[in-house]
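S.K.: Here you go, sequence then predicted model.
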Amino acid sequence: MTAATESPRELPSSLPRPPDELEKLERVWRTPRGLAFFSTVNNTNIGLLYIGTALLFFILAGILGLLIRAQLAVPDAGLLTPATYNQVFTMHGTVMMFLFAIPVVEAIAVYLLPGMLGARDLPFPRLSAYAYWAYAVGGLGFFTSLFVGLAPDGGWFMYPPLTGKQYSPGLNADFWLLGIGFIEISAIAGAIELIVGILFTRAPGMTLARMPVYAWAMLVVGVMIVFAFPAVIAGTTLLEMERAFDWPFFIPDRGGDPVLWQHLFWFFGHPEVYIIFLPAAGMVSTMIPALAGTPLVGHRSIVAALVVVGFFSFALWAHHMFTAGLGVLETSLVSAASMAVAIPTGVQVFAWLATMWRGQLRMVAPTLFLLGFLFIFVLGGLTGVMVALLPFDWQAHDTYFIVAHLHYVLIGGLVFPMFAAMYYWMPLINGNKLSEQVGRWVFGLMFVGMNLAFFPMHIAGLLGMPRRVYTYGAEMEWDGYNLASSVGALVLALGVLLFIVDAVRTLRRPARAAGNPWQAATLEWLPNEDYATRSIPDVRSHEPLWDCPELMTEVPAGLHWLPGTATGRRETIITSPVSARPLYLQILPGDSWWPLIAAVGTAGFFLLLTIEWTLVASTCGIVAVTGVVIWMWQSDRLPMQRTAQVSDTVALPVGASGPAAHSWWGTMIMLVVDATIFASFLFAHIHTTMRLDVCPPPGSRVPDAFWPLLSCTLLAAGSALIEWVRRIDATVGNGRLKVSMVLAALACVLGAFAGDLRSQFLAGLEPTANAWAATIAAMLSYQGLHVVVLTILALYLVARTWSGRLTAVNRATLDNCALVWHYATLQGVTIAVVLQALPWLMER
């Protein structure tokens, strides 16, 4: 007997509902029409835009892949010149990995999770809108570089020294290094939204134990993005600094090391494979029980497997560096870990098979793609175990065997589950299913085409065909395998084209109620509109729609939590992270143009900086910062009321501050990202230092201890002043005192940074002379960026104080700014200590 039937259910709200309640709710959440639609921040709308744009990049990258296969179909082909081929294959990989794979998993989550969690929306809708528009505008601008001959041509991994100024003197590499900056920002912004949303906006009663597996997968993935993406941000920053300022991070003649790039890139790159796979695994774990009509076998084991895979993925980055000259012990440990990660993955596969076996699996289009996924992904996993073996990898590395393995894992691990998801969840958009008959043709073409395209590559690779070659001679006897691969790629493309035609036809059909066509157990199938569900469901079990089918009528009737709008604005309930106990009512920001304006400014800053339009790029950067500041100013308003009725018997506080606030946790996650970027810079400095015979190298010296001590003292004083302002804010109403203290804290920070610069100047720091000095300059530059941020935050706090918007009730801004301030202090102190202590330790 389930928990839902053990005792009579007491509903949070009762009938009759006020006659104008639903009308007010619809008015508050109504999606703007016409051009105003571009100001929407509702995660349902943003999610659909996100998915559509990601699929556009999937198609564009697929076309580039067809050009590659056309060039390699026969020996000595001349369809593409070597330079054009290098740009095409680089853009194919870059677009697939950065503009399709990562964005599409976040896009699907942004669309599905509010409904699946029973929330009105995720907690930072403007952040989601900003992330989407930065990705869309910047991504399209980045892709156009292909049409003017400026597309990157160093491979999607951009290994130096080939991508350094000596071998790539043009702007092509800069387009990659600066052009993916907005993608990284977008992905991290999405991760913050997802982590906080999953932990704090679940429907009351949806404990962690009752949370859908897909939400667990996205929670793990969000945490992985937070720790993985900073490494590539640091790496691209270092390489761009080398190209722009001649700071030799990767130039061996001046103490640099090209292998440093591989460490930073693959610390991101290998977890990225699992960042792509785990959301797909979560979707599979959601779809199979509905299609088989039975609960998921081994639910807890699958959740544990997701966490273990996420953890292991960070131990495997050297999996890609077995031929880079690392030690035997190090590579052996990574090899063992690479094989061990197959265990939790296997747990999931066997749980899916057991669920299919226990239930009655319906052979519909989503099922076909799920079965195709299992076949292709398992085969890709087996070749993954092969390349995890050192002797085999030494032979297969940089051959087409690796290309085949990569595509089996990514197409099997993402594309087939994604197509299954589109067939499964399409009714949520307008109530109509995709054609079942056409779906079988789509699956057949894609399954046959995929295996015909990529299985022969295994053989060609074992016969010695290297990666990244634009042609080959007939005497190599690779032509048959390449021709088969090219034909297979065309068949695969025909399957995708047929899907697009069917999807367009389905989306053009008149909208109708979606219902629950698969008889699924998860909450996204509840009747929903722009405001999501009429009331937020009270969750009592792991499979709420199976254990309590009455939810399909009770929720739209307004019988559960928050049946209308309690404050006249957009709202959702914030619940506790573990037990999902209602904590407070969050006021959600409404539609706004500022996220779009800030996103366009962000994309313009990175793209225009690439072509050295410095003045215009700086203007775009100012526009981006201004847009963010204005949207934050609008979002953090004084509450119209202190409490709000969310059910017949429960009234919740409106908003919160400090660690109780969702924004406090969003800031903390952002600072974890910040700290991981800094840790990557610090790793670069330590890595470079460990390669020295003498530290500091000849021509450099350690600054006198007076300057670091002065800097640390000033930073600590600034943090103390900000903490004083934060603690007295609730009892002291003197705005002039608060303003004076904030400005004094800013003066301390500026003085500390001036001391840092002075100390390095006196020590003769010359970043162009050697990599050791360059890494110090990079860390100081990053600290300088924080000084700029603190300056903006200080002026923002002053403006909030003078305008009367920083009060004892409305203090989230101050709490969050204080966190950033304290982190910048800690980072500055760390730099000072490391620069003094590391040379001393090297002498011992």
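M.R.: Great, that's in hand.

S.K.: Which secondary structure state does Thr567 sit in?
M.R.: Here Thr567 is coil, with the state taken from DSSP: H, G, I helix; E, B strand; the rest coil.

S.K.: residues contacting it?
M.R.: By CB atoms under 8 Å, 6 or more residues apart in numbering, the residues touching Thr567 are Leu585, Ile587, Pro639, Met640, Gln641, Ala644, Val654. C-betas here are computed from N, CA, C, even on glycine.

S.K.: which of those residues count as buried?
M.R.: With neighbours counted by 16 or more other CB atoms under 10 Å, the contacts of Thr567 contain buried members at Leu585, Ile587, Pro639, Ala644, Val654.

S.K.: Let me know the closest of those to Leu615.
M.R.: Ile587 (39.4 Å; CB to CB).

S.K.: Look up phi and psi at the residue lying closest to the closest one once chain neighbours are set aside.
M.R.: Of all residues not flanking Ile587 in the chain, Arg569 sits nearest, at 5.4 Å (CB to CB, 6 or more residues apart in numbering). Per-residue torsions, Arg569: phi -130, psi 180 (degrees, to the nearest 10).

S.K.: Pretty sure Arg569 sits against Val28.
M.R.: Yes: at 6.3 Å, Arg569 and Val28 qualify as touching, with contact defined as CB atoms under 8 Å.

S.K.: list residues touching both of the two?
M.R.: Shared contacts of Arg569 and Val28, counting by CB under 8 Å, 6+ apart, come down to Gly590.

S.K.: what ranges do the strands span in the stretch 651-800 of the chain?
M.R.: Counting by DSSP state E, counting those that start in this stretch, the stretch 651-800 of the chain has strands at residues 651-653.

S.K.: quick one on the thing from earlier: quick one: the residue nearest to Ile587 and Ser647, what's the gap?
M.R.: Distance from Arg569 to Ser647, counting by CB to CB, to the nearest Å: 18 Å.

S.K.: Which of the two has more residues huddled nearby?
M.R.: More crowded of Arg569 and Ser647, by other CB atoms under 10 Å: Ser647, with 22 against 17.

S.K.: Before we go further, the more buried one is sitting in a helix, right?
M.R.: No: counting by three-state DSSP, one finds Ser647 to be coil, located in no helix.

S.K.: Now do the same contact list for it.
M.R.: Pro12, Ser13, His560, Trp561, Leu562.

S.K.: For Val504, grab the count of nearby residues.
M.R.: 9.

S.K.: what's the next secondary structure element after the host helix or strand of it?
M.R.: In this assignment (DSSP states H and E), Val504 forms part of helix 479-507. Counting by DSSP H and E, the next helix or strand C-terminal to helix 479-507 is helix 544-547.

S.K.: What average pLDDT does that next one get?
M.R.: Mean pLDDT, helix 544-547: 96.

S.K.: 8 is where my numbering starts, stick with that
M.R.: From this message on, residue numbering opens at 8, which makes the last subject helix 551-554.

S.K.: Would you indicate which residues of the helix or strand that comes right after it are buried?
M.R.: Next along the chain after helix 551-554, taking DSSP H and E as the criterion, comes helix 558-561. Buried residues in helix 558-561, defined by neighbour count with 16+ other CB under 10 Å: Leu558, Glu561.

S.K.: Residues contacting whichever helix or strand comes after helix 558-561, please?
M.R.: Once the chain leaves helix 558-561, the next helix or strand it forms, by DSSP H and E, is strand 578-582. Outside strand 578-582, the residues that touch it by CB under 8 Å, 6+ apart are 126-128, 130, 207-211, 213, 543, 568-569, 572, 588-595, 651, 653, 659, 663, 669.

S.K.: Mind doing that once more with 6 Å?
M.R.: Strand 578-582 has contacts (CB atoms under 6 Å, 6 or more residues apart in numbering) with 126-128, 207-209, 211, 543, 569, 589-594, 669.

S.K.: ok, it: who's next to it in the sheet?
M.R.: Strands adjacent to strand 578-582 in the sheet, as given by DSSP bridges, are strand 589-594 (antiparallel).

S.K.: chain center to the strand it pairs with, what's the gap?
M.R.: 26 Å (CA atoms, centre = their mean, to the nearest Å).

S.K.: Next up, the contacts around Gly125.
M.R.: Going by CB under 6 Å, 6+ apart, Gly125 touches Ala210, Leu530, Ile543, Pro544.

S.K.: By mean pLDDT, flag the weakest helix or strand of this structure.
M.R.: helix 10-13 (a mean of 39; mean pLDDT, DSSP states H and E).

S.K.: quick one: the helix or strand following it to chain centroid distance?
M.R.: The helix or strand immediately downstream of helix 10-13 is helix 28-36, counting by DSSP H and E. Offset of helix 28-36 from its chain centre (CA atoms, centre = their mean): 33 Å.

S.K.: how about helix 28-36: buried residues?
M.R.: Within helix 28-36, the residues that count as buried by 16+ other CB under 10 Å are Glu28, Leu29, Leu32, Val35, Trp36.

S.K.: What residues of stretch 299-316 count as buried?
M.R.: Neighbour-count burial for stretch 299-316 [16+ other CB under 10 Å]: 299-301, 303-306, 309-310, 312-316.

S.K.: Of the residues you listed, which pair is most distant in space?
M.R.: Gly300 and Val315 (28.8 Å).

S.K.: so which strand or helix has the residue most central in space within the chain?
M.R.: In the chain, the centroid-proximal residue (CA atoms, centre = their mean) is Ala194; its distance is 3.1 Å. For Ala194, the host element (DSSP H and E) is helix 188-207.

S.K.: now do Gln269
M.R.: helix 265-299.

S.K.: pLDDT score for Glu191?
M.R.: Glu191 is given a pLDDT of 87.

S.K.: Over to Phe236?
M.R.: 95.

S.K.: For it, grab the count of nearby residues.
M.R.: Phe236: 25 neighbours (other CB under 10 Å).

S.K.: gap between it and Tyr137?
M.R.: Taking CB to CB, one finds Phe236 at 16 Å from Tyr137.

S.K.: and what of Val836?
M.R.: Separation of Val836 from Tyr137 (CB to CB) stands at 32 Å.

S.K.: same thing with Glu850?
M.R.: Taking CB to CB as the measure, Glu850 and Tyr137 are separated by 48 Å.

S.K.: And these two? Which one has more around it.
M.R.: Neighbour count, other CB under 10 Å: between Glu850 and Tyr137, Tyr137 has more, with 30 against 7.
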